[in-house]
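Trainee: Based on what follows, work out the 3D shape:
(one chain, ligands or ions: 2)
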Amino acid sequence: MSKGSVEPENKEALKNFITQEIEKDLQEGKNGGAVLTRFPPEPNGYLHIGHAKSICLNFGLAQQFGGKTNLRFDDTNPVKEDVEYVDSIMEDIRWLGFEWEGEPKYASDYFDQLYEWAVMLIKKGKAYVDHQSAEEIAAQKGTPTEPGQESPYRNRTVEENLELFEKMKNGEFEEGECVLRAKIDMASPNMHLRDPLMYRIIKKEHHRTGDKWCIYPMYDFAHGQSDFIEGITHSICTLEFEVHRPLYNWFLEQIIEDMDPKPTVVPRQIEFARLNLNYTVMSKRKLLELVENNYVDGWDDPRMPTISGLRRRGYTPESIRDFADRIGVAKRDGIIDVALLEHCVRDDLNKTAPRVYAVLDPVKLIITNYPEGKVEMMVAVNNPEDESMGTREIPFSREIYIEKDDFMIDPPKKFFRLAPGKEVRLKNAYIIKCEDYKQDENGEVTEIYCTYDPDTRSGMEGSKRKVKGTLHWVSVEQSIPAEVRLYDRLFSDEDPNGHDGVDFKEFLNPDSLKIVKTARLEPNLKDVKPLDKFQFQRLGYFCVDKTSSEDNLVFNRTVPLKDTWAKMAKKK
Ligand code: ATP
Ligand code: MG
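Mentor: Ligands and ions are numbered 1, 2, ... in the order given. Sure thing, here's the model as predicted:
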C-alpha cells in the first residue's frame, strides 16, 4: 500500500473514474438512462467511517445523475445478524443526510427466487450437491498456478441433485453434511470459478424469515442476483470483489439465458479502493471484539471509528461528507491519515460552534483591588467566523478561575502567560498583574493574587494597551461544574493490524481516555443538550455527551485545536 497517496487537492481527478464510466453508459443509452445504486451492508455490526465513504459515494453518484439509491441489507448469514444492527444502520445513514428509495430491501426477501434459480442451475446441469467436508473441498481447490481436482460427486445426475437439494431444504441433512456447488471449471485461473459454493445448511432462525429456511445462499450467490432483481444499474463495491465479478456475471448469464424478453438492466460492477485509516481498525469483527470485551464503552464509544461513535464524539454529518469528498475515490489501496478526518471536523466546527469559556484544571485568582460583591457582565462574541451568531454576556467578579498551567512561578523566557510581576489580558475583560501567590505544603499553587487596571476593559481607551498573553477564565461564584472527557486516539500505533503475530489489542492506547472532574464552565452552558457543540476557547472542540443532564454535565472532547494536518499541508 502506498501511504498518503491521496492529497485533498486532487479529489476531483480521483472521483472521476466512476463518474466517467456512468457518463459513458448514459451516453450510450444504457439502462434507459436510469442510474440506480445501492448501499448493501451486512447487518452484523455498526457502520464505520469506511462505510460512510461507501454511503457518500453511492448516494452521491445517484444525486449527481438524478438517480436513486436503494438500501439493501445483505442478510444471508443468520448466525451473525441482528435487528439492533439493522436499526442502527438506518439511523446512521439518515444522520449522514441520505434517504434511500422506498422501503429498505433485504436479500432475504429474495430467498424464494434464489432457490428457484438454484434449482434452474441444477436442471441445466450446472450445479450439484457435494457431500464432502469443507476441509476436503478446500484441499481440492488447487492453487492459482495448479488446477484443482474435481469432486467425486460432480457428475451426479440432474434427478439425483434435484432430490438431494430438496432434502437439504427440508432439513433432512445436518449442518456440514452437504452443500450445493456451481459446476463451472476446476481448472480456471480464477479460483472463484472453481465450483464455488452456492448454498450451505445452517439450522438457525433468521431475524426475518424465522425458521422457514435451513439452507442459506452464499453471499456470492445472493449479491449479484439481488442487484439484478432490484434493477441496480451500477454496483459500486470495494476492490476485493473485483475477482468475484466473473462469478457474478456467470450466475447472471445463466439466469438471463432463459429469459424472454431479455432484461433492460443488467448491473455493472465497478470497484474502488476501500478506505484505510492509520491509528484505526475497521474490521467489524475486531470492533465487535472491542465492544464485547469492554475495551470500549459500546459501539458508540467516542473513540470508535463507528459513525455512532463519531457522532457521540462531536463529529457532524457535514464534516464526514467533506472528508469523503476530499479523499475521493481511488483505484488502488492507500492509507489515509486520520489527521485529515480531524481536520475536517475542525474546519466545520470552526464555522458553526459557539465559543465559550471553560477552565478544566482550575486555580483560584483573586483580584485584590476589585470591589467585593461586584459583578460585571462582559460581552463576548459567540463566533468570530460568523457575526450572525451574535454575542453573549459573561459574569466577571473579584474571584475567578484560570487554568493551573497558565501560571508559573518561575517561567522560561517564552512563557507569555501569568507569572509573578507579569501582566496578561483576561479575554473580554481587563489586564491584570500578578502581585503574589500562595502555595500549599507540597508547593502546589492554591491561590494567585493580582491587581487589575480598570481602564483596560474592552472598549475603553486603556484596552489598546498591548500585553503578550491572553487567558480565558470563569467567575468562581457563577461558574458551573462539569465532567470533561478528553479522548485521544484509541491505538497508539499507526498500523495496529500490521504486526505479524501480534494481536491488534496490544496497541490500544492506555491514555485514550482521561476523565477530568474539576472543570468549571461559564454559566451560559447550564441548559445544554446532548450533541450540542462548542469551542472551549484555547482548548478545543467539545460536545455534550448523551449521558449529560442538568445536574451532571458531561462533555466529550471532539478534537484539540492544534491541527497537525493543516500544518503538514502548509509545509508541502
Ligand atoms: P467489514 O470488513 O468491516 O466487516 P464489510 O465489507 O464486510 O466490512 P459490509 O456491511 O458488507 O461490510 O459493507 C457494506 C458496504 O460498505 C460494502 O459495499 C462495502 O464494500 C463497503 N465498505 C465496507 N468497508 C469499507 C471501507 N473500509 N471503505 C469503503 N467501503 C467500505
Ligand atoms: Mg461484506
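
Trainee: can you list the domains in the protein?
Mentor: 11-272, 284-352+482-571, 355-478 (automatic domain parsing).

Trainee: Which among the ones you listed is found nearest to ligand 1?
Mentor: Closest to ligand 1 of the domains of the chain, according to CB to the nearest ligand atom: domain 11-272, at 2.2 Å. C-betas here are computed from N, CA, C, even on glycine.

Trainee: returning to what we had before: okay, the domains of the chain in TSV with mean neighbour count next?
Mentor: Shown next, in TSV, are the domains of the chain (neighbours: other CB atoms under 10 Å):
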stretch	mean neighbour count
domain 11-272	18
domain 284-352+482-571	18
domain 355-478	16
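
Trainee: Show me what the nearest residue to residue 100 once chain neighbours are set aside bridges to in the sheet.
Mentor: Using CB to CB, 6 or more residues apart in numbering and skipping the chain neighbours, the partner closest in space to residue 100 is residue 71 (3.7 Å). Under the criterion DSSP bridges, residue 71 forms beta bridges with residue 39.

Trainee: Surely residue 71 is in contact with residue 94?
Mentor: No. Applying CB atoms under 8 Å, one finds residue 71 not in contact with residue 94, separated by 10.0 Å.

Trainee: which residue sits closest to residue 514, ignoring its sequence neighbours?
Mentor: Residue 514 sits nearest to residue 486 (CB to CB, 6+ apart), 4.3 Å away.

Trainee: I misspoke; the intended subject was residue 406.
Mentor: Counting by CB to CB, 6+ apart, the nearest residue to residue 406 once its immediate chain neighbours are dropped is residue 417, at 4.4 Å.

Trainee: got it, and residue 131?
Mentor: Computed as CB to CB, 6+ apart, the closest residue to residue 131 that is not its neighbour in sequence is residue 178, at 4.7 Å.

Trainee: tell me the contacts of the closest residue to residue 492 other than its chain neighbours?
Mentor: Once flanking residues are discounted, residue 492 sits nearest to residue 509: 4.0 Å by CB to CB, 6+ apart. Going by CB atoms under 8 Å, 6 or more residues apart in numbering, residue 509 touches 488, 489, 490, 491, 492.

Trainee: Just put the residues you listed in TSV and tack on distance to ligand 1 and pLDDT.
Mentor: Shown next, in TSV, are those (distance: CB to the nearest ligand atom, whole Å; pLDDT from 0 to 100):
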residue	distance to ligand 1	pLDDT
488	22	94
489	18	94
490	16	97
491	16	98
492	21	96
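
Trainee: would a markdown table of these with secondary structure be doable?
Mentor: Output for the contacts of residue 509, formatted as a markdown table (DSSP: H, G, I helix; E, B strand; the rest coil):
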| residue | secondary structure |
| --- | --- |
| 488 | coil |
| 489 | coil |
| 490 | coil |
| 491 | strand |
| 492 | coil |
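
Trainee: quick one: which two of the residues you listed are the most distant?
Mentor: 488 and 491 (9.9 Å; CB to CB).

Trainee: I figured the residue nearest to residue 131 hits residue 201, correct?
Mentor: Yes. Counting by CB under 8 Å, residue 178 does reach residue 201; the two are 7.3 Å apart.

Trainee: what's the overlap in contacts for those two?
Mentor: Shared contacts of residue 178 and residue 201, counting by CB under 8 Å, 6+ apart, come down to residue 168.

Trainee: Let me see the mean pLDDT of stretch 16-29.
Mentor: Averaged across stretch 16-29, pLDDT comes to 93.

Trainee: just stretch 305-320 next, same as before
Mentor: Mean predicted lDDT for stretch 305-320 stands at 98.

Trainee: Now do the end-to-end distance for that stretch.
Mentor: End-to-end span of stretch 305-320 (CA to CA, to the nearest Å): 12 Å.

Trainee: just stretch 90-101 next, same as before
Mentor: Terminal-residue distance, stretch 90-101 (CA to CA): 13 Å.

Trainee: Going along the chain, name the helices of this protein.
Mentor: Here the chain has its helices, by DSSP state H, at 11-27, 49-64, 83-96, 111-123, 134-139, 158-169, 219-230, 245-257, 284-292, 307-313, 317-327, 338-352, 564-571.

Trainee: all strands of the stretch 401-550 of the chain, in order?
Mentor: Secondary structure of the stretch 401-550 of the chain (DSSP state E, counting those that start in this stretch): strands at 423-426, 431-439, 445-453, 470-471, 474-475, 480-487, 513-521, 533-536, 540-544.

Trainee: contact partners of the second one?
Mentor: Looking back up the chat, that one is strand 431-439. For strand 431-439, the external contacting residues (CB under 8 Å, 6+ apart) are 365, 367-368, 407, 409, 418-426, 445-453, 456, 462, 465, 467.

Trainee: one more time with 7 Å
Mentor: 367-368, 409, 418-426, 445-453, 456, 465, 467 (CB atoms under 7 Å, 6 or more residues apart in numbering).

Trainee: Then stretch 98-105?
Mentor: With CB under 7 Å, 6+ apart as the contact definition, stretch 98-105 has outside contacts at 55, 59, 68, 69, 70, 71, 72, 73, 90, 230.

Trainee: Thought residue 96 was touching the first one, still the case?
Mentor: Yes. Using CB atoms under 7 Å, residue 55 is in contact with residue 96, at 5.9 Å.

Trainee: which residues do those two both contact?
Mentor: With CB under 7 Å, 6+ apart, residue 55 and residue 96 have no common neighbours.

Trainee: which regions of this protein sit below the pLDDT cut-off?
Mentor: Where the chain drops to pLDDT under 70, the residues are 1-15, 571-572.

Trainee: Alongside ligand 1, which residues does it contribute?
Mentor: Remark: the part of the chain in contact with ligand 1 comprises 40-42, 50-51, 53-54, 237-238, 274-275, 282-284, using CB under 6 Å from any ligand atom.

Trainee: mind redoing it with 8 Å?
Mentor: 39-45, 47-51, 53-55, 57-58, 74, 236-238, 241, 272-276, 282-285, 287 (CB under 8 Å from any ligand atom).

Trainee: Pull the contacting residues for residue 304.
Mentor: Contacts of residue 304 by CB under 7 Å, 6+ apart are 287, 296.

Trainee: Now it. Its backbone dihedrals?
Mentor: In terms of degrees, to the nearest 10, the main-chain angles of residue 304 are phi -80, psi 150.

Trainee: any idea how far it lies from residue 481?
Mentor: Using CB to CB, to the nearest Å, we find residue 304 at a distance of 28 Å from residue 481.

Trainee: Same check on residue 249?
Mentor: Residue 249 is 63 Å from residue 481, by CB to CB.

Trainee: go on, residue 158?
Mentor: Taking CB to CB, one finds residue 158 at 77 Å from residue 481.

Trainee: Report the spatially closest residue to residue 431, excluding sequence-adjacent ones.
Mentor: residue 456 (4.1 Å).

Trainee: was I right about that neighbour contacting residue 467?
Mentor: No. Residue 456 is beyond contact range of residue 467, at 8.8 Å (criterion: CB under 7 Å).

Trainee: I figured residue 21 hits residue 270, correct?
Mentor: Yes. Using CB under 7 Å, residue 21 is in contact with residue 270, at 5.8 Å.

Trainee: so who does the closest residue to residue 66 other than its chain neighbours touch?
Mentor: Closest residue to residue 66 apart from its sequence neighbours, by CB to CB, 6+ apart: residue 35 at 7.2 Å. Counting by CB under 7 Å, 6+ apart, residue 35 touches 22, 62, 65, 67, 233, 234.
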